[in-house]
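In: curious how this folds, go ahead:
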Amino acid sequence: MVSIPGRRAKLRHRLPGALLLAVLLTACANEQSTPAAKEPSDPNDPDAVFSAEARAALAALSPATLPAPPPDISNRLADDPKAAAFGQTLFFDASFSGKLLDGDNDGSVNALGQKGESGKVACAGCHLPASGFIDTRTIQQQTSLAAGWGKRRAPSLLDVGQSKLLMWDGRRDAMYNQIFGVIESPVEMNGSRLFAARQVFAEHRAGYEELFGSMPPLDDTSRFPALDAELTGCQKLDATNACPQPMRGAPGDGAEYDGMKPEDQRAVTQVIVNVGKALGAYERLLTCGPSRFDQWVHGDASALTKSEQRGAALFVGTGHCTDCHGGPYFSDEKFHNVGLKPGTVATVFLDLNDHGAATAMPLLRADALNVQGAFSDGDDGRIPTDDAPEFEGGFRTPKLRCASLRPSFMHTGQLRDLASVVAFFDRGGDLAGYPGTNEIKPLGLTDRDRADLVAFLEALAGPGPNAELLAPP
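Out: Next up, the predicted model:
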């Protein structure tokens, strides 16, 4: 077949998605089959081979425009620009946090301050905007050191708006309730809803009331007890990195919070719910963006190297990657057990018995803050009603756009590079992993196959969020 000059350029403007990719790949193949135009083939860098099924599968990963986050009916301000601007302000504010508890908080560049200091932990402290909203600060770059050491790697926030169930195990079902787990964790902010609500009243009242109406009189200590950063949350962690006493200012403290009237407890909780809704509006704007892979799918034959193209073919073919990493953001948004054997992270931490989603889902269903409760603006049925077998030892399928920015991988952060991740899946996981049944099988890839898959994954990096989203407004 002889190509007609200019024809392919015209087709690029007319043909979307799978058809354009098929035309591009077929045209390239036909040109290469013409003896006069064929260049000597390098056996060490062969051309990629694409079946019709592979072409369609690749096109499905790259629509003409990457979809915006789906509507979040649990948050009426999810796409409100003013709410997003307010949430951006809150994202960088460390004043909601209590004392740093772990001795590894030594004032170095790897910590957020010195042990005993308060007001040091903001969302941006473990989700660094300049690093793709992941933690590249903490030493070892595996799990995060905030007030204390977390057990799981802080996930990237890029494209988090695509998810309805949050966290590695799905414990949270909305951004407005996810913030409670951060504020009231002794190893994250080590604060409390009472303390944080009073801080919003003191520092952000005008911005809050513009969106949500009048705040309760949180300066009235007869109704809302005074609680400072030195006393809120936990005072000391035990040998298991947990807080042995109740968190002051949180439900169950037997003190300030429990001593309030129920209606005042609800008013405090509502303030933090609204803070979470504003944060959610901001975080929905954070996206990796289109990559060289998308340019290639949509007509730029030079956008990917031969290795990256071979990796693309493997990704949708013998690698079986799209069994879980499907869709425009390369995730099925489900929970899977992949046979990961716990490994030591951050030098000394080994989390041996994490049941993942099997533990999280009953907690989510029982949570008064979930989308079925009174604090939600709507329920779209996102909470699973039954426990699937893969929940046991199962963790969320991470999105893969901008994955090459991450310094470590898996929910533990124990794999240090993409080559290790590909090797892990190639061998079918580990023999003795987390509780539950390993879902994956060995792939039998060659050394070049593994290198090509890594090259393809690196080609999924995009420009990231707009620059104005990377700092306080």
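In: C-alpha from now on. contacts and neighbour counts both.
Out: Fine.
In: what's the pLDDT at F349?
Out: If you check F349, the pLDDT there is 88.
In: could you measure from it over to V316?
Out: Per CA to CA, to the nearest Å, F349 is found 36 Å from V316.
In: okay, these two: which has more neighbours?
Out: V316 (22 against 15; other CA atoms under 10 Å).
In: OK, contacts around that one?
Out: Contact criterion CA atoms under 8 Å, 6 or more residues apart in numbering gives 54, 57-58, 322 as the residues in contact with V316.
In: at 6 Å instead, please
Out: By CA atoms under 6 Å, 6 or more residues apart in numbering, the residues touching V316 are 54, 322.
In: any idea how far it is from V49?
Out: Separation of V316 from V49 (CA to CA): 12 Å.
In: next one: G444
Out: The gap separating G444 from V49 is 18 Å, by CA to CA.
In: and G254, by the same measure?
Out: G254 sits 66 Å away from V49 when distances are taken as CA to CA.
In: kindly report the same for L470.
Out: To V49, L470 is 40 Å away according to CA to CA.
In: and what of Y282?
Out: Y282 is 42 Å from V49, by CA to CA.
In: do E184 as well
Out: With distances taken as CA to CA, E184 is found 52 Å from V49.
In: more neighbours, the two?
Out: For the pair E184 and V49, the greater number of neighbours falls to E184 (25 against 14), based on other CA under 10 Å.
In: now do the biggest helix by length in the chain: distance to the chain's middle.
Out: Taking DSSP state H as the criterion, the chain has its longest helix at helix 262-283. Relative to its parent chain, helix 262-283 has a centroid offset of 21 Å by CA atoms, centre = their mean, to the nearest Å.
In: do the same with stretch 290-300
Out: Relative to the mean C-alpha coordinate of its chain, stretch 290-300 is positioned 23 Å out (CA atoms, centre = their mean).
In: show me where the chain dips below the pLDDT cut-off.
Out: Scanning the chain for pLDDT under 70 picks out 1-41.
In: the helices in it, which residues?
Out: Counting by DSSP H, the helices of the chain are 7-14, 17-33, 52-60, 81-91, 123-126, 175-183, 193-203, 205-212, 262-283, 292-297, 306-316, 357-366, 418-426, 447-458.
In: as a markdown table, the ones you listed with distance to Q142 would be great.
Out: As requested, the helices of the chain are exported to a markdown table (distance: least, CA to CA, whole Å):
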| stretch | distance to Q142 |
| --- | --- |
| helix 7-14 | 43 |
| helix 17-33 | 37 |
| helix 52-60 | 31 |
| helix 81-91 | 22 |
| helix 123-126 | 11 |
| helix 175-183 | 18 |
| helix 193-203 | 28 |
| helix 205-212 | 35 |
| helix 262-283 | 22 |
| helix 292-297 | 28 |
| helix 306-316 | 26 |
| helix 357-366 | 21 |
| helix 418-426 | 14 |
| helix 447-458 | 20 |
